[in-house]
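**Student:** Fold the following.
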Amino acid sequence: MKVNLDKLDFSFSKKPVLVGGRAMEYYGLRKAGDDTDLIIPHEDYDGLLQKYPENKKDIFGDLGVIIHGFEIWRTIRWFDYNFYSKGAIEEENVKVISIEKLLFMKALTIDIPKYEKDLRLIVDKINKLSFDDRKKLSE
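**Tutor:** Predicted coordinates for the structure are as follows:
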């Protein structure tokens, strides 16, 4: 999966972690919306904020930059890049959050109906996995 980051005109120190609707689509769970959600390291967030200071967003302490159809976050529910990148799938210019971390992320936001639906889609997918595929998730 390639995500066109060119519009940002920014060099990331590490591949951003793809989350949200595009990650849901990656796993074949549902179509993504219009935006692309990413999590980046703290130092990349600081650099991106310097470049786009007018595009800062703060949701209950989770800081992000919203620009060119991207929502780029330093943290989501106060968990950061180091947490969400563990087990992520390497793609061309991004990492895709692991399905386990995506499940965790959606569980943290279960109070929002859209994310409760997403949570159920992920649980259904995991429940349909074969024993061998489930075993791979725990490795």
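**Student:** C-alpha from now on. contacts and neighbour counts both.
**Tutor:** Noted.
**Student:** tally of neighbours for the residue nearest to D118 when sequence neighbours are not counted?
**Tutor:** Leaving aside its sequence neighbours, D118 sits nearest to K106 (Cα to Cα, 6 or more residues apart in numbering; 6.8 Å). By the measure other Cα atoms under 10 Å, the count of residues near K106 is 21.
**Student:** which residues touch K106?
**Tutor:** Y115, E116, D118, L119 (Cα atoms under 8 Å, 6 or more residues apart in numbering).
**Student:** Now tabulate those in CSV and tack on pLDDT and neighbour count.
**Tutor:** CSV is the format used below for those (pLDDT from 0 to 100; neighbours: other Cα atoms under 10 Å):
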residue, pLDDT, neighbour count
Y115, 92, 19
E116, 94, 16
D118, 96, 22
L119, 95, 21
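**Student:** Among those, which ones are in helices?
**Tutor:** Y115, E116, D118, L119 (DSSP state H).
**Student:** where along this protein do the helices fall?
**Tutor:** Using DSSP H, helices in the chain cover 20-26, 42-51, 81-85, 99-108, 113-127, 131-137.
**Student:** and those, which is most packed in?
**Tutor:** helix 20-26 (a mean of 20; mean count of other Cα atoms under 10 Å).
**Student:** which other residues reach that one?
**Tutor:** Residues contacting helix 20-26 (Cα under 8 Å, 6+ apart): M1, R30, K31, A32, G33, T36, D37, L38, V96, I97, L102, D118.
**Student:** Centroid-nearest residue for this structure?
**Tutor:** The centroid of the chain falls nearest to V19 when counting by Cα atoms, centre = their mean (1.8 Å).
**Student:** That one and V94 touch, don't they?
**Tutor:** No: under the criterion of Cα atoms under 8 Å, V19 is not in contact with V94, lying 10.2 Å apart.
**Student:** Could you dump the contacts of K106 into a markdown table and include distance to G61?
**Tutor:** Below are those laid out as a markdown table (distance: Cα to Cα, whole Å):
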| residue | distance to G61 |
| --- | --- |
| Y115 | 19 |
| E116 | 22 |
| D118 | 23 |
| L119 | 23 |
